[in-house]
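Predicted model follows, preceded by the sequence.
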Amino acid sequence: MTRPLLTSTGPIVPRIINAILLRRDFYAAVAADPHATAPAAGIVCLTALARESVGLASLAQVHPIWGLAALAVVILALAGWVVYGVFAYAVARLLAPGPVELRRVLRCLGFAETVTVLRLIAYLVDPSWYTPLHVALLAWAFAAVFVALRAAAPAPTRRLVLIAIPSFVAQQLVLAVGRALAY
């Protein structure tokens, strides 16, 4: 049985599922599709709102201007995506053996952010499971960045690790700063 060719077009839910499942062929299609930049930006916005949904819901209970916080979350998410995407691009340009395109990196990293939504699961489980689950989800998020960068900046595995580690750290720092600024 053959698997269908994955593209970066079509309904959003299958794209989110393919990104979360770290489908290499999906990320390769995203990297190659110049029309996938806007959907990647949309994914960044959706995942930011989903990640911050608990905080936004709490804020909505006490402040009537919670919509401005939601707007701030989206703006900061897009700005952060560009910041750590440019950082990842710069690292990839230094270490990848071939040419690297910024838009390919941004598209792939945008879809890789879908995995960060899974952190919500850590808040829903028994508190004794929070730390190990959070560590597992961070590992999954790193794997998403790795697969995304593999599609965007083809390089040998050792070089990809050297590209992915600072890129992932930059992503996590940007997410933390964005969260702090949004509230």
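Arrived safely.

make it CA atoms for all contacts and neighbour counts henceforth
Fine.

Could you report the pLDDT at the closest residue to residue 99 other than its chain neighbours?
Computed as CA to CA, 6 or more residues apart in numbering, the closest residue to residue 99 that is not its neighbour in sequence is residue 93, at 7.0 Å. Per-residue pLDDT puts residue 93 at 95.

Quick check: residue 93 touching residue 100?
Yes: between residue 93 and residue 100 a contact is recorded at 5.9 Å, counting by CA atoms under 8 Å.

Secondary structure element for the residue nearest to residue 99, which one?
Assigned by DSSP states H and E, residue 93 falls within helix 66-95.

Report all helices and strands that the helix or strand bottoming out on mean pLDDT in the chain contacts.
Ranked by mean pLDDT, DSSP states H and E, the helix or strand of the chain with the weakest confidence is helix 119-124, at a mean of 75. On a contact count with 3 or more CA pairs under 8 Å, 6 or more residues apart in numbering; DSSP states H and E, helix 119-124 meets helix 130-152.

Next, the angle helix 66-95 makes with the helix it packs on.
Orientation of helix 130-152 against helix 66-95 (axes from the mean of the first three to the mean of the last three CA atoms, to 10 degrees) gives an angle of 50 degrees.
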